[in-house]
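**Q** no sequence for this one, just the structure:
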């Protein structure tokens, strides 16, 4: 009798275990991927910056697409750009757009802003992503960028800029519903176009934060891409945190306010120039409307104190002055003042718009040639100067701030503070050496970047780029001293 009881009890326990297992699978469909864990794949955890954005090591990422998907990308890009992959022509390595204009802006600097060489976002394709022995299935990948993407595409270089979206295909594949990469939903991968040092995107984001201006986190990754014919080593990328995914909440403490990625010079308010990255269903643009109205108010010339007061109610001017001080000191031609893009606006908890810089691979250089000094873009248009006297009314946020004695005096104070406390040769050399040493084994060491899987001019250029960067810091500090005399 006892044995019968044991048999019945065992059978019952097995049935319960089986039922629980089935129920668990239903509740957590991601378990269809044996590598799925709450920490690595779910959206129930906070972003793990230590794993995804390490500062002292180079992570490795493997991404595989099918040959059919690569063909779909090429077809889509040919339709959007009018050029087949590797067909040549068009924008140069330095970023000069056709017609002698830098990204579509006349050299005079009063143009309306950006030119969409690649109109609209490229298509997504579903890929398999591997990291630290784990697999993420059906991760959305699309190419990104404008002049840089166009140049790389036309050159037939496989080290392309792209974005990853972990749950892009959750409707088609419910088992990846709310899939994340250690708490991150989206990530941007920068291939260091026009930067022979390969570290500008990384160090400039660090420098902004060191100077008190919020900027996205960054980290280096070795990237292997499979275009349907086996993994190819595409060298060192900089992974960049997405502003509207995690950056705003991490650095501002919340993310409920409007986040915009504008394409505007702020001369007038045009709603289509203010792309919302959140709160899309709420057609409320009153914050940016009020900002543009306050900026262009006639009070500026009749009652400057009132103009400043109204502007500061809508816009974090102090933060912007710090940004200007840093941006003009390090030199950056590829942002507001030359291009009407590469910045975000966030309506922070204080209900004022805050400036967030973006896209730094062409910073820390004096020409549109970026870090490829002497290349095709060398000798191009210089960035906004420290004095800003050359900036016209086509860029009112610079022109009007620079023309106001109160703001200009504070701006000059921030230039001095930045140069003395952050942008010193000792601090910058230490930062540059750290990252150059970190990536060298994967650029020109045990693993090498080689054509057509690199944007380097040549391998020798990588070796000399560090010296160029260090000299740039010294030159800019001399320029600061001259400006502040």
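**A** Nice, I can see it. Because the structure is a prediction, the values reported are computed rather than measured.

**Q** just the strands in the stretch 351-485 of the chain please.
**A** In the stretch 351-485 of the chain, the segments counted as strands under DSSP state E, counting those that start in this stretch are 353-357.

**Q** now the closest residue to residue 73 other than its chain neighbours: phi and psi?
**A** Excluding the flanking residues, the one nearest residue 73 by CB to CB, 6 or more residues apart in numbering is residue 125, at 6.2 Å. For the C-beta atoms, the positions are set from N, CA and C on the backbone; glycine is no exception. Main-chain torsions, residue 125, degrees, to the nearest 10: phi -130, psi 150.

**Q** kindly report the same for residue 261.
**A** Dihedral angles for residue 261 - degrees, to the nearest 10 - are phi -120, psi 90.

**Q** okay, strands next: where are they in the stretch 1-150 of the chain?
**A** 59-64, 96-97, 101-102, 125-131, 134-143.

**Q** the nearest residue to residue 81 once chain neighbours are set aside - how many residues pack around it?
**A** Take residue 81 and drop its neighbours on the chain: the residue closest to it by CB to CB, 6+ apart is residue 118, 5.5 Å away. Neighbour count for residue 118, taken as other CB atoms under 10 Å: 20.

**Q** check contacts around residue 118.
**A** 77, 80-81, 145-146, 149-150 (CB atoms under 8 Å, 6 or more residues apart in numbering).

**Q** what's the closest of these to residue 338?
**A** Nearest to residue 338 among the contacts of residue 118 is residue 146, at 13.5 Å by CB to CB.

**Q** and for that closest one, the neighbour number?
**A** 23.

**Q** output the strands of the stretch 1-150 of the chain as CSV; include the columns mean neighbour count and distance to residue 193.
**A** Formatted as CSV, the strands of the stretch 1-150 of the chain follow (neighbours: other CB atoms under 10 Å; distance: least, CB to CB, whole Å):
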stretch, mean neighbour count, distance to residue 193
strand 59-64, 18, 18
strand 96-97, 20, 13
strand 101-102, 18, 15
strand 125-131, 19, 21
strand 134-143, 20, 12
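
**Q** so can I have CSV of the ones you listed showing mean pLDDT and distance to residue 366?
**A** Listed next are the strands of the stretch 1-150 of the chain as CSV, based on pLDDT from 0 to 100; distance: least, CB to CB, whole Å:
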stretch, mean pLDDT, distance to residue 366
strand 59-64, 98, 32
strand 96-97, 34, 15
strand 101-102, 31, 14
strand 125-131, 98, 38
strand 134-143, 98, 29
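
**Q** for the ones you listed, which one sits closest to residue 453?
**A** Of all the strands of the stretch 1-150 of the chain, strand 59-64 comes closest under CB to CB, at 13.4 Å.

**Q** count the neighbours of residue 406 for me.
**A** Residue 406 - counted by other CB under 10 Å - has 12 other residues nearby.

**Q** then residue 293?
**A** 14.

**Q** could you find the closest non-adjacent residue to it?
**A** Nearest non-adjacent residue to residue 293 (CB to CB, 6+ apart): residue 269, at 7.2 Å.

**Q** hang on, the earlier thing: quick check: the gap between the residue nearest to residue 81 and residue 144.
**A** Shown here: residue 118 relative to residue 144, a distance of 9 Å by CB to CB, to the nearest Å.

**Q** likewise for residue 130?
**A** 21 Å.

**Q** and if you look at residue 431?
**A** In terms of CB to CB, residue 431 sits 26 Å off from residue 144.

**Q** got the contact list for the residue nearest to residue 73?
**A** 65, 69-70, 72-73, 140-142 are the contacts of residue 125 under CB under 8 Å, 6+ apart.

**Q** what sits opposite it in the beta ladder?
**A** residue 141 (DSSP bridges).

**Q** separation between it and residue 131?
**A** Distance from residue 125 to residue 131, by CB to CB: 18 Å.

**Q** can I assume residue 209 is in contact with residue 203?
**A** No: in this structure, residue 209 is not within contact of residue 203 by CB atoms under 8 Å, at 10.9 Å.

**Q** quickly list the domain ranges of the protein.
**A** Domain assignment for the chain by automatic domain parsing gives 45-248, 253-483.

**Q** relative to residue 36, which of these is closest?
**A** domain 45-248 (8.5 Å).

**Q** quote the end-to-end distance of the closest one.
**A** Using CA to CA, to the nearest Å, one end of domain 45-248 lies 17 Å from the other.

**Q** so residue 463 sits against residue 436, correct?
**A** No: using CB under 8 Å, residue 463 is not in contact with residue 436, being 9.6 Å away.
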